[in-house]
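Quick check, what structure comes out for this input:
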Amino acid sequence: MSDSNIDVKYVANLARLDLDDNEIENFTKQLNDILTFVQQLEGVDTTNVKATSHANLMLDVIRKDESREGFGSDIALRNAPDQNNQQFKVTRVVDS
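Down below sits the predicted model:
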């Protein structure tokens, strides 16, 4: 990473944020601290570190997706307050 300075005024303008001089100075310092830390990370030797796609080694804990026999419309509609042509009949919610 090159020596870069984030133009907080420019970014604030893009985000339509109205920052006063104190806020701009504060955010500039914070962002420069972050950039300094990232530059330190770039210097870490990772040649013998195995690449990972995710730091958490937990595997999928959800049950397997297995197909199973469904039930017919007669069972699905058994408790329906109103039905028409083997379909649930509901109150209109959209004006035509």
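
So the residue nearest the centre of the chain, which state does it fall into?
Centroid-nearest residue in the chain, with Cα atoms, centre = their mean: H54, separated by 15.4 Å. Local secondary structure at H54 is given as coil here, using DSSP: H, G, I helix; E, B strand; the rest coil.

pLDDT value on it, please?
The model reports H54 with a pLDDT of 72.

again with N5
The predicted structure lists N5 with a pLDDT of 65.

Can you pull out the low-pLDDT segments for the chain?
Judged by pLDDT under 70, the chain has its weakly predicted residues at 1-5.

Repeat the analysis, applying 80 as the threshold.
In the predicted model, the chain carries pLDDT under 80 at residues 1-6, 52-61, 96.

As a check, name the ranges of all strands in it.
Assignment of strands within the chain using DSSP state E yields the ranges 83-84, 87-88.

Just put the ones you listed in JSON lines and tack on distance to F71 and mean neighbour count.
For the C-beta atoms, the positions are set from N, CA and C on the backbone; glycine is no exception. Listed next are the strands of the chain as JSON lines, based on distance: least, Cβ to Cβ, whole Å; neighbours: other Cβ atoms under 10 Å:
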{"stretch": "strand 83-84", "distance to F71": "15", "mean neighbour count": "12"}
{"stretch": "strand 87-88", "distance to F71": "15", "mean neighbour count": "12"}
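
Which among those is found nearest to D74?
Go through those one by one with Cβ to Cβ and the one that ends up closest to D74 is strand 83-84, at 10.2 Å.

In TSV, list the strands of the chain along with distance to K64.
Putting these into TSV (distance: least, Cβ to Cβ, whole Å) gives the following:
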stretch	distance to K64
strand 83-84	34
strand 87-88	30
